[in-house]
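Student: sequence and predicted model, in that order:
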Amino acid sequence: RVAQVRVVFKLISLAATALFRTPAKSPTHLAYVEWFMPFGQPEANHGLYKISRFICNGECLASIIDVSDIHRSVHLIPKFGPIAPREWTSSTILELCSTFFVNLFSDRHAYLTII
């Protein structure tokens with residue numbers, strides 16, 4: 001599944017003790033992520049998977065996960081309409097665009113692991 005990493009952090013030992021039964025085995029680094037919907041069928045014209053944010057009760061579905069559960073980054077291509085809105089920039093696109101295509105062809109590893 002695809003998620004947007006919002007922040008990577010480490011718990012202080014007092015918090016790890018309160019949250020985990022065996023603090024010595026607790027994750028070293030955690031990530032707060034917001035999820036995208038699972039893959040459906042690839043688009044017929046180009047074979048790319050279309051994804052959008054996983055929204056539940058009007059909010060993005062989010063989780064705190066162990067950083068070691070993150071496998072790789074992916075290249076997302078915004079789904080453009082007839083024109084690209086002027087407010088879309090490299091800094092705002094993940095917030096303003098609602099639908100993306102996962103680029104399977106960004107590199108060999110992506111092609112072999114995402115399919």
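Tutor: Here it is on my side, so go on.
Student: residues contacting the worst-scoring helix or strand of the chain on mean pLDDT, please?
Tutor: Within the chain, no helix or strand scores below helix 108-114, which has a mean of 80 by mean pLDDT, DSSP states H and E. With contact meaning Cβ atoms under 8 Å, 6 or more residues apart in numbering, helix 108-114 is reached by 49, 71, 72, 74, 75, 102, 103, 104, 105. The C-beta positions use only the backbone N, C-alpha and C, and glycine is treated the same way.
Student: what comes up buried for that helix?
Tutor: By neighbour count on 16 or more other Cβ atoms under 10 Å, the buried set for helix 108-114 is 110, 114.
Student: now stretch 68-81
Tutor: 74, 76, 77, 78.
Student: now it: mean pLDDT?
Tutor: The average pLDDT within stretch 68-81 is 93.
Student: and that stretch, end to end?
Tutor: Terminal residues of stretch 68-81 are spaced 36 Å apart (Cα to Cα, to the nearest Å).
Student: now do the phi/psi pair for the nearest residue to residue 68 once chain neighbours are set aside.
Tutor: Using Cβ to Cβ, 6 or more residues apart in numbering and skipping the chain neighbours, the partner closest in space to residue 68 is residue 27 (7.1 Å). Backbone geometry at residue 27, expressed as degrees, to the nearest 10, gives phi -60, psi 140.
Student: okay, buried residues for stretch 44-60 please.
Tutor: 48, 49, 50, 51, 53, 54.
Student: give me the contacts around that stretch.
Tutor: 2, 34-37, 39-40, 42-43, 61, 76-77, 79, 98-104, 114.
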